[in-house]
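Engineer: fold the following.
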Amino acid sequence: MQHAGVKGFLLSNVLLDLGNGAMLRSLLAGALLAAIVIAIPALEYVANRALVSGALWTRWYSWHRIVHAALPFKLLIGQMAWKAAASSFAKIEGKVRDHIVDLECSMLEECVPLTVGPGAEMEEEEEEEIVEFDEPSEEAYEMSEEEDEDNLGTTSVSDTDLDDQSDW
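Structural biologist: Numbering: from 1, shown residues only. All right, here's what the predicted structure looks like:
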């Protein structure tokens with residue numbers, strides 16, 4: 001993440017990786033709690049209007065059994081409500097995580113230099129390739145001089161060698 005800077009560090013390491021996403025879940029839960037606290041006056045007004053409405057109390061015989069049910073049934077209903085809320089929170093967290101990953105990818109595409117592929121700067125191909133050879137040792141010089149003296153006057157050139165050279 002050396003090319004991404006502080007923003008990349010926060011997105012990658014703090015939000016996504018810290019405690020296997022615990023920071024992201026905590027921030028999301030805090031934002032949800034803040035939204036509920038802000039909406040409490042409106043929710044309280046709606047709940048009060050529903051509790052004093054005539055339509056609710058005229059249907060008393062359809063829901064009074066749930067109110068007077070045994071504790072295990074109420075716990076079961078509470079457990080089902082908790083599971084529904086937790087699965088909804090997990091879906092929201094997944095969508096937020098996907099959005100953060102997309103942000104991280106777009107940021108990395110902008111920040112990380114392109115080194116391979118179309119659009120990359122190919123300095124190696126543009127520059128002339130210089131090939132350096134190691135200098136031969138003194139033994140190699142002595143051996144080549146002895147071979148030159150032995151082959152002096154005995155070199156022959158065939159017609160096929162001349163034909164091969166003419167194609168160059």
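
Engineer: for the longest helix along the chain, packing partners?
Structural biologist: Identified as the longest helix of the chain according to DSSP state H is helix 71-111. Other helices and strands packing on helix 71-111, by 3 or more Cβ pairs under 8 Å, 6 or more residues apart in numbering; DSSP states H and E, are helix 5-9, helix 22-51. For every residue, glycine as well, the C-beta is placed using N, CA and C.

Engineer: tell me the angle that helix makes with helix 22-51.
Structural biologist: Between helix 71-111 and helix 22-51, the angle comes out at 130 degrees (axes from the mean of the first three to the mean of the last three Cα atoms, to 10 degrees).

Engineer: now do helix 71-111, average pLDDT.
Structural biologist: Mean pLDDT, helix 71-111: 90.

Engineer: return the helix or strand in the protein with minimum mean pLDDT.
Structural biologist: Every helix and strand of the chain was ranked by mean pLDDT, DSSP states H and E. The lowest is helix 123-126, at a mean of 50.

Engineer: distance to Ala84, mean neighbour count and mean pLDDT added to the helices and strands packed on helix 71-111, as CSV?
Structural biologist: Output for those, formatted as CSV (distance: least, Cβ to Cβ, whole Å; neighbours: other Cβ atoms under 10 Å; pLDDT from 0 to 100):
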stretch, distance to Ala84, mean neighbour count, mean pLDDT
helix 5-9, 36, 12, 73
helix 22-51, 15, 11, 94
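
Engineer: for Gln79, find the nearest of the ones you listed.
Structural biologist: With Cβ to Cβ, the closest approach to Gln79 among those belongs to helix 22-51: 19.6 Å.

Engineer: let me know the next secondary structure element after the closest one.
Structural biologist: helix 54-58 (DSSP states H and E).

Engineer: thanks a lot, see you next time.
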